[in-house]
Every structure is written in structure tokens, then in C-alpha cells.
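> coords please:
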Amino acid sequence: MLKPEFVFLWLSILIFGPHVQFCRADIGTASQYIPPYTPTACYGGDSTQFPPSNYFAAAGEGLWDNGAACGRQYLVQCISAAVPQTCVPGQTIQVKIVDRAQSSVSRPAREGASLVLSNTAFRAIANPAVPFLNIQFQQ
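A predicted model of the protein is given here:
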């Protein structure tokens with residue numbers, strides 16, 4: 001016969017299991033940068049590197065991976081900022097890595113960010129008046 005604690009465990013899994021979500025996203029910070037965006041560390045002066053949406057980013061050192069980050073795409077969502085109600089609720093965007101934040105022509109609004117977003121990308125998920133955001137991102 002099963003012990004009562006095992007029965008309780010299995011019942012809990014059956015009842016609450018479908019409601020549990022496992023997150024594979026990373027948590028980091030995002031800053032923004034302004035034009036000029038070229039040349040970039042990934043594609044030089046080639047203007048076709050930028051997606052039509054203008055949702056692109058420079059990779060921070062933690063993501064740069066000796067240039068392997070070039071062309072990677074990330075889903076990005078603002079989760080909080082120093083100023084309340086900065087994030088656009090429920091808004092997730094996809095950005096393409098086109099540059100290295102540390103060597104970008106235009107300097108980030110704040111150093112050390114995981115991702116430095118184009119103005120268009122930053123505005124899509126948050127109020128652009130803040131210098132940085134806490135984000136959730138996933139490749």
C-alpha cells in the first residue's frame with residue numbers, strides 16, 4: 001500500500017502540474033543606442049544587415065561569444081525598470097544581433113547591458129526615457 005505522502009504528492013502533480021510553467025529564458029538588462037548604427041562588428045557597413053522592423057541589438061560581453069552572436073535572434077520582453085509602469089505589458093519582440101556593444105559606433109545609454117537595443121526596439125517594449133530595463137530574453 002502507498003504511503004499517504006506519496007498519494008498526496010501524486011495528486012498534487014496531477015492537479016497542479018498542468019499549471020506549472022518552466023521558463024527557459026535568461027534575465028538581464030537592456031539599454032538603448034542611437035544612430036549611427038554602422039559600421040557594425042558583425043557586418044561592417046552593409047545596410048541589408050538590419051531587419052525591416054528595425055528590431056536589432058548589439059550583444060553585451062556575456063552574449064558576444066567572440067563574434068558567434070552575430071545573426072542570432074532573441075525574443076526580448078521588458079520585466080521591470082527603475083520607474084514604475086515603464087514596460088509595455090505583455091509586449092515581446094524579436095531582435096537580431098548585428099553588433100558588439102563594447103565596440104559599437106554609437107555608445108549605449110548604460111554600459112554593461114546584456115543587450116543594447118536599437119531605439120525602435122527599445123521603444124517597442126518600454127518608455128524610452130529610462131536608461132535601462134530589466135529584461136527576459138531567449139534565443
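
> strands of this protein, residue ranges please.
26-33, 56-59, 73-80, 92-100, 115-118, 132-138 (DSSP state E).

> which residues are contacting the first one?
When contacts are taken as Cβ atoms under 8 Å, 6 or more residues apart in numbering, the neighbours of strand 26-33 outside the stretch itself are 57-58, 60, 62, 76, 78-79, 101, 104, 106-119, 121-122, 128, 131-138. (Each C-beta comes from the backbone N, C-alpha and C, glycine too.)

> one step back: of the strands of the chain, which approaches N66 most closely?
Nearest of the strands of the chain to N66, taken as Cβ to Cβ: strand 92-100 at 9.8 Å.

> related to what we said a few turns ago, indicate which one of the strands of the chain is closest to A41.
The minimum distance between A41 and the strands of the chain falls on strand 92-100, with 4.1 Å, by Cβ to Cβ.

> what's that closest one packed up against?
On a contact count with 3 or more Cβ pairs under 8 Å, 6 or more residues apart in numbering; DSSP states H and E, strand 92-100 meets strand 56-59, strand 73-80, strand 115-118, helix 119-125.

> where does this structure dip in pLDDT?
Low-confidence segments of the chain, defined by pLDDT under 70: 1-23.

> swap the cut-off to 90 and go again
1-25, 107, 109-110, 128 (pLDDT under 90).
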